[in-house]
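**Q** Model the following, please.
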Amino acid sequence: MILVYRVAAHIPVPGIDPEVFRQLMEGHQLLGFFDIITGGAFMNVSVVAMGVFPYINALIIIQLLTVVIPKLEQLAKEGEEGRRKITQYTRYFTVVIAFVQAIALSFFIRNAFENPGLLSYLAVAITLTAGTIFLMWLGERITEKGIGNGISILIFAAIVAGIPGAIINIAELLAVGAINVLNVIFFLIIGLAVVVGIVIIHQAQRRIPVQYTKRVIGRRVYGGQTTHLPIKVNQAGVIPVIFASSVLIFPETIIHWFGGPGLQQWFSSYFGFGTPINTIIFVLLIIGFTYFYTAIIMNPVDMADNIKRNGGFIPGIRPGRPTAEYIAKVMSRITLAGAVFLALIAVIPFFVMAATQIPGIWIGGVCALIVVGVALDTMRHMESHLLMRSYKGFIK
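**A** Here you go, the predicted model:
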């Protein structure tokens, strides 16, 4: 399935001149990031140029609406049947988002059309939408028949596909003397430290002890054991960074497409990527979105109710509301550590790029978060499959 995806990334959309398209998109940082996440499919103007981002946006919006709309919240609590219905809504919403984005993209790249016209706009928009729907289907098949989350694996494959090109780019910079060997060594050391840090934080969790009381039903005794409630330090994953990047880059995108050269230069000087104001806003947005998304996906009240319903309690804490308040307090502290970590990982590449003079590595932190996170999750799925079938893992 990954091979099918990589082949699709090189099938061009009919009716668009690739060279004119690249000239239109040249020098825009958002689109450079987008191109790496799609594995070069965007700059190739392929049928899967929009990647799985419309699906991810639909998934996040549906998750947020689940908290707001009572009907969706009820469906989420109905088990497998409810989840199937929510998945169906997500697919329909993906089609809508993908078509709207494809129409917008078609309008902005109209100068690259070989035969401009209404039918050309419609053909390109339908082709790009179909490509996104195909990737959504592909990801779901990987999730169903393979190991791990299919959408995450497709993004992982796209990022990894860009590594050879990045190595060639660094080699060319070395050959022309733009950078030296010490710059590359420093970059590799920082990169290794970032990966190690991501692994440690991704695996880190706070374990709240939970004691279950003994219950006698007939001749059997249930409960009585001590377990724990795991709360991950980085519960939100890479989503806050993606949110923050999208919000931060949106004004630049509008100015790039509609503003004049003077306005573009002024905005880049004061608010462009790497400027102090931009970096501070980026950090604050990441921290804010981390708290917001963690609050959406983890509800301390529901967790406290589940513990109480199963006859459990946290030692020293009364069941019910005091338990919910205690869990919320722990989550708040843990989330702060995770938020600061995400902000640090996202900002480090700016300083590394300034120190090493290697261009284009400002996205390295975000890509490293995605790649390492997906690799760890996939490895955990493989381990669980092996343990379930042979009681022996592949890591000793």
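
**Q** right, and residue 159 touches residue 372 too?
**A** No - contact between residue 159 and residue 372 fails when scored by CB atoms under 8 Å: they sit 10.6 Å apart. C-beta coordinates here come from the backbone N, C-alpha and C atoms, glycine included.

**Q** would you list every one of the strands in the stretch 251-396 of the chain?
**A** Secondary structure of the stretch 251-396 of the chain (DSSP state E, counting those that start in this stretch): strands at 312-313.

**Q** shaky segments in it?
**A** For the stretch 251-396 of the chain, residues meeting the criterion pLDDT under 70 lie at 253, 256-261, 264, 272-274, 359-364, 390-396.

**Q** Determine the number of other residues adjacent to the closest residue to residue 376 other than its chain neighbours.
**A** Leaving aside its sequence neighbours, residue 376 sits nearest to residue 202 (CB to CB, 6 or more residues apart in numbering; 5.7 Å). Residue 202 is flanked by 21 other residues according to other CB atoms under 10 Å.

**Q** which residues does residue 202 contact?
**A** By CB atoms under 8 Å, 6 or more residues apart in numbering, residue 202 lies in contact with 232, 234, 372, 373, 376.

**Q** How about residue 294?
**A** Per CB under 8 Å, 6+ apart, neighbours of residue 294: 235, 236, 331, 335, 338.

**Q** go on, residue 15?
**A** Here residue 15 is in contact with 113, 114, 115, 120, 123, 124 (criterion: CB under 8 Å, 6+ apart).

**Q** isn't the first one right up against residue 16?
**A** Yes - judged on CB under 8 Å, residue 113 makes contact with residue 16 at a distance of 6.3 Å.

**Q** Now list whatever residues contact both of those two.
**A** Common neighbours of residue 113 and residue 16 (CB under 8 Å, 6+ apart) are residue 124.

**Q** just for the stretch 101-250 of the chain, where's the confidence low?
**A** Residues of the stretch 101-250 of the chain that meet the cut-off, pLDDT under 70, sit at 214-224, 246, 249-250.

**Q** so where do the strands sit in it?
**A** Going by DSSP E, counting those that start in this stretch, the stretch 101-250 of the chain shows strands at 205-212, 215-217, 220-222, 226-232.

**Q** Would you mind putting those into TSV with distance to residue 84 and mean neighbour count alongside?
**A** Output for these, formatted as TSV (distance: least, CB to CB, whole Å; neighbours: other CB atoms under 10 Å):
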stretch	distance to residue 84	mean neighbour count
strand 205-212	30	15
strand 215-217	33	10
strand 220-222	31	10
strand 226-232	27	15
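
**Q** List the contacts of the residue lying closest to residue 140 once chain neighbours are set aside.
**A** Distances taken as CB to CB, 6+ apart put residue 150 closest to residue 140, at 6.0 Å, once the chain neighbours are dropped. Listed by CB under 8 Å, 6+ apart, the contact partners of residue 150 are 1, 138, 139, 140, 141, 142, 143, 144.

**Q** Looking at those residues, spot the one nearest residue 56.
**A** Among the contacts of residue 150, residue 139 lies closest to residue 56 (CB to CB), at 10.2 Å.
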